[in-house]
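1. sequence unavailable; structure follows:
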């Protein structure tokens, strides 16, 4: 049985938006904010990883280029390096200062890197691949710790718990699996969604997890029981990306319906909606000042007021 597709049809080209020569040439599919809050990293299907200065509102540098679409770009906890992954099956450790490659991890027969997560201590990384395999990497010894098998379909979400001891993987058939990072043992497996699972994020207590899906829902899971304890509804397209505020009180979601939404974690109520009007939103993050960052189909990175309202183009895409 082939799961139904979870990608929305592409909208018509957006109205003329500002462009900049050093912007992305294709969709922005990942955003990460630096630990010190001064820079943003973006990954795009144009294969390029870019590093941006938030305060100066300019490109710092092209950090690196993958051989195929870039999918994920994460700051390492040390604040001086980054780990990026792409459809080329490579996970590359780079220096933020100049983009110099420190190490390349090869996924080999496991396929392209769809999603990537790093343990808080920076010693482990977990990658999800289009073959359905999940790999735990030892970043200290630059080696493979485990190849975790059991998913029947491509991996669409990975996350590592706050204590670094557990990892979560989700696939395009809606199945979720919880793993012990060090032993590689599967702790729990359940069918969480009717369609693909995206944007998994752990809550700070380590016992709860949030997932978005192609079934249009966002669910909060109790990992001790595997039960759904809360649901956020309102999106009209696949919920593709999630981010939790630093204080854990607000959840940010990005969707193929072209909107990002802000939710109250306690009540489950929608606080604000941000409508791009330019197509799917593939990436969301909280800026250091609490405003909302989005990236998507229109190639731009936008900044939205936390209370709702119109966003501004922080970093425009390249001219068509």
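-> On my side now, so go ahead. Model, not experiment: these values are computed from the prediction.

2. name the element residue 169 belongs to?
-> Taking DSSP states H and E as the criterion, the element that holds residue 169 is strand 166-171.

3. next secondary structure after that strand?
-> Under the assignment DSSP H and E, the closest C-terminal helix or strand after strand 166-171 is strand 175-180.

4. which stretches of this protein have low pLDDT?
-> The model of the chain has pLDDT under 70 over residues 1-16.

5. buried set for stretch 77-85?
-> Buried positions in stretch 77-85, judged by neighbour count with 16 or more other Cβ atoms under 10 Å: 81, 82, 83, 84, 85. All C-beta spots, glycine's among them, are computed from the backbone N, C-alpha and C.

6. can you check stretch 38-55 too?
-> Taking 16+ other Cβ under 10 Å as the basis for neighbour counts, the residues of stretch 38-55 that come out buried are 39-52, 54.

7. and which of those is nearest residue 115?
-> Using Cβ to Cβ, the shortest approach to residue 115 within the buried residues of stretch 38-55 belongs to residue 43, at 11.2 Å.

8. report the beta-bridge partner residues of the closest one.
-> When bridges are called by DSSP bridges, residue 43 pairs up with residue 30, residue 49.

9. surely it is in contact with residue 73?
-> Yes - here residue 43 lies in contact with residue 73, judged by Cβ atoms under 8 Å, at a distance of 4.4 Å.

10. overlap of the contact sets of these two?
-> 30, 49, 84 (Cβ atoms under 8 Å, 6 or more residues apart in numbering).

11. rewinding a little: other SSEs contacting the strand holding residue 169?
-> Counting contacts by 3 or more Cβ pairs under 8 Å, 6 or more residues apart in numbering; DSSP states H and E, strand 166-171 packs against strand 124-129, strand 134-138, strand 155-160, strand 175-180, strand 197-202.

12. okay, strands next: where are they in the stretch 151-300 of the chain?
-> Remark: strands assigned in the stretch 151-300 of the chain by DSSP state E, counting those that start in this stretch are 155-160, 166-171, 175-180, 186-191, 197-202, 208-213, 217-222, 227-233, 239-244, 250-255, 259-264, 270-275, 281-286, 292-296.

13. is it possible to export those to a markdown table including mean neighbour count and distance to residue 64?
-> Written out in a markdown table, the entries for the strands of the stretch 151-300 of the chain read as follows (neighbours: other Cβ atoms under 10 Å; distance: least, Cβ to Cβ, whole Å):
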| stretch | mean neighbour count | distance to residue 64 |
| --- | --- | --- |
| strand 155-160 | 26 | 21 |
| strand 166-171 | 27 | 25 |
| strand 175-180 | 21 | 28 |
| strand 186-191 | 14 | 33 |
| strand 197-202 | 24 | 24 |
| strand 208-213 | 24 | 28 |
| strand 217-222 | 20 | 32 |
| strand 227-233 | 13 | 35 |
| strand 239-244 | 25 | 22 |
| strand 250-255 | 26 | 24 |
| strand 259-264 | 22 | 27 |
| strand 270-275 | 17 | 29 |
| strand 281-286 | 24 | 17 |
| strand 292-296 | 27 | 17 |
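
14. could I get these as CSV with distance to residue 315?
-> Formatted as CSV, the strands of the stretch 151-300 of the chain follow (distance: least, Cβ to Cβ, whole Å):
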stretch, distance to residue 315
strand 155-160, 26
strand 166-171, 29
strand 175-180, 33
strand 186-191, 39
strand 197-202, 22
strand 208-213, 24
strand 217-222, 27
strand 227-233, 28
strand 239-244, 17
strand 250-255, 16
strand 259-264, 16
strand 270-275, 16
strand 281-286, 12
strand 292-296, 9
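
15. what's the closest of those strands to residue 18?
-> The stretch from these with the least distance to residue 18 (Cβ to Cβ) is strand 292-296; that distance is 15.1 Å.
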